[in-house]
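**Student:** Using only what follows, build the 3D model:
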Amino acid sequence: MNCTDLLSHLSDYFDEQLSPRLLDEIRTHTAGCQHCKVVLDTTHQTIEVYKGNEIYEVSDELRERLHTAIMSKCLAKK
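**Tutor:** Numbers count the residues shown, from 1 in each chain. Now for the predicted structure:
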């Protein structure tokens, strides 16, 4: 297992769709690779943050204002 291999299995890791052998390889790799450990930890934290949030409805007026502001910023960068 190397860093590229770990990244290619990231979705399956978080979906708990890995074989025991692959899971063991990832655990062994992250025990010795701080970069991949950080990737797993921050991805896990991000998932947890989004899991706990509710979906908020916004008014059409606010949606339009946000869209206009974002498009204005994007066009200004060109």
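
**Student:** Secondary structure element holding residue 43?
**Tutor:** helix 34-51 (DSSP states H and E).

**Student:** do the same with residue 75
**Tutor:** helix 60-76.

**Student:** State the mean pLDDT of that helix.
**Tutor:** Mean pLDDT, computed over helix 60-76, is 87.

**Student:** Please work out which residues outside it touch it.
**Tutor:** By CB atoms under 8 Å, 6 or more residues apart in numbering, the surrounding residues in contact with helix 60-76 are residue 58. C-beta here means a position set from N, CA and C on the backbone, and glycine is covered the same way.

**Student:** Quick one: low-confidence residue ranges for this structure.
**Tutor:** Scanning the chain for pLDDT under 70 picks out the ranges 77-78.

**Student:** wait, what's in contact with the most centrally placed residue in the chain?
**Tutor:** Centroid-nearest residue in the chain, with CA atoms, centre = their mean: residue 43, separated by 4.8 Å. Residues in contact with residue 43 (CB under 8 Å, 6+ apart) are 10, 14.

**Student:** ok, now with 10 Å
**Tutor:** 10, 11, 13, 14 (CB atoms under 10 Å, 6 or more residues apart in numbering).

**Student:** in the helix holding residue 75, what counts as buried?
**Tutor:** Across helix 60-76, burial judged by 16 or more other CB atoms under 10 Å covers no residue at all.

**Student:** State the distance from residue 30 to residue 17.
**Tutor:** To residue 17, residue 30 is 18 Å away according to CB to CB, to the nearest Å.

**Student:** Neighbour count: those two, which is higher?
**Tutor:** residue 30 (19 against 11; other CB atoms under 10 Å).

**Student:** Quick check: nearest residue in space to that one, chain neighbours excluded?
**Tutor:** Nearest non-adjacent residue to residue 30, counting by CB to CB, 6 or more residues apart in numbering: residue 37, 4.5 Å away.

**Student:** Distance check, that neighbour against residue 21.
**Tutor:** 20 Å.

**Student:** In terms of neighbours, single out the busier of those two.
**Tutor:** Neighbour totals were compared for residue 37 and residue 21, and residue 37 leads with 14 against 8 (other CB under 10 Å).

**Student:** who touches that one in this structure?
**Tutor:** By CB under 10 Å, 6+ apart, the residues touching residue 37 are 6, 29, 30, 31.
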